[in-house]
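> Here is the input, now give the coordinates:
(one chain, ligands or ions: 1)
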Amino acid sequence: MLRTRVKICGTTTVGDALLAAEAGADAVGLIFAPGSKRLISAVQAREISLALGPAVGRVGVFLGQEIDEVLRLAEAARVSAVQLHGPLSSLELSQVAGYYPVLRVLRPQDLAQAAHLAWPPHVTPMLDAPQPGSGQSLDWAGLAPQVPAGIWLAGGLGPLNVGQAMRALRPAGVDAVSALELRPGIKDPDALRAFVAAVRRADAELA
Ligand SMILES: O=C(O)c1ccccc1N[C@@H]1O[C@H](COP(=O)(O)O)[C@@H](O)[C@H]1O
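Predicted coordinates for the structure are as follows:
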């Protein structure tokens, strides 16, 4: 059966990371983007990475940062993958992908141009809303003709709409933050568990 990967982003505490793991998440997101309401230090992130053990992914999230900074923070935090938002040359993308698997974030307006790109090895595209972490959702059905197979999906996903998004786009992975919080950086355990359960229900339905 198809098993859509689930990433719980904006995790800032060991307790919330373990909650995500226990709920069945495949990965947590650790946000290093300057100005984010869920910003975490490399030291806090490393604590989470070590506490999660070997089986749960830790994705470092970056926006518009220099490659040297991305690699330095990723190493210090012991992440297992990175997620890159913002402008980036194909050379820079390949450089980072030489060290970490990359989720390369595209906005809806990038899809047409991205259709002509050959992704470097170890890069997976991810579709997100223009303002990452804002809880804004996308017109999934309208975007479907432009969305390549194997893409990951973010943008306003939560327990109540992730099934609809999965039916429209069949993403390989889904990612959420705003809809799973009590307040920025602090998870709502009920919403988090309901999100993972909704993904698994949709997987079973789409099998
Ligand atoms: O959440 C943030 O603060 C953030 C800041 C900078 C880059 C990415 C950020 N989060 C990413 O936003 C999407 C989904 O957010 P939402 O569910 O719509 O609130 C996800 O990819 C996060 O990794």
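
> quick one, helices of this protein?
Secondary structure of the chain by DSSP state H: the helices cover 14-23, 42-52, 67-77, 90-97, 111-114, 140-143, 162-169, 189-206.

> among those helices, which gets the worst mean confidence?
Of all these, the minimum mean pLDDT falls on helix 111-114 (a mean of 91).

> buried residues in that helix?
Under the neighbour-count criterion of 16 or more other C-beta atoms under 10 Å, helix 111-114 has 111, 114 buried. The way it works is simple: take the backbone N, C-alpha and C, and place the C-beta from them, glycine included.

> Equivalent analysis for stretch 30-46, please.
Applying 16+ other C-beta under 10 Å to stretch 30-46 flags 30-33, 36, 38-40, 42, 44-46 as buried.

> restrict these to contacts with the ligand.
Restricting the buried residues of stretch 30-46 to those touching the ligand (C-beta under 6 Å from any ligand atom) yields 31, 33, 36, 38.

> Any figure for the gap between the third one and residue 184?
What it means is residue 36. 8 Å (C-beta to C-beta, to the nearest Å).

> contacting residues for the residue most central in space within the chain?
The chain has residue 175 as the residue nearest its centroid, 4.5 Å off, counting by C-alpha atoms, centre = their mean. Residues in contact with residue 175 (C-beta atoms under 8 Å, 6 or more residues apart in numbering) are 6-9, 29, 126, 128, 152-154, 157.

> Kindly tell me how buried residue 89 is, as a neighbour count.
If you count neighbours by other C-beta atoms under 10 Å, residue 89 ends up with 9.
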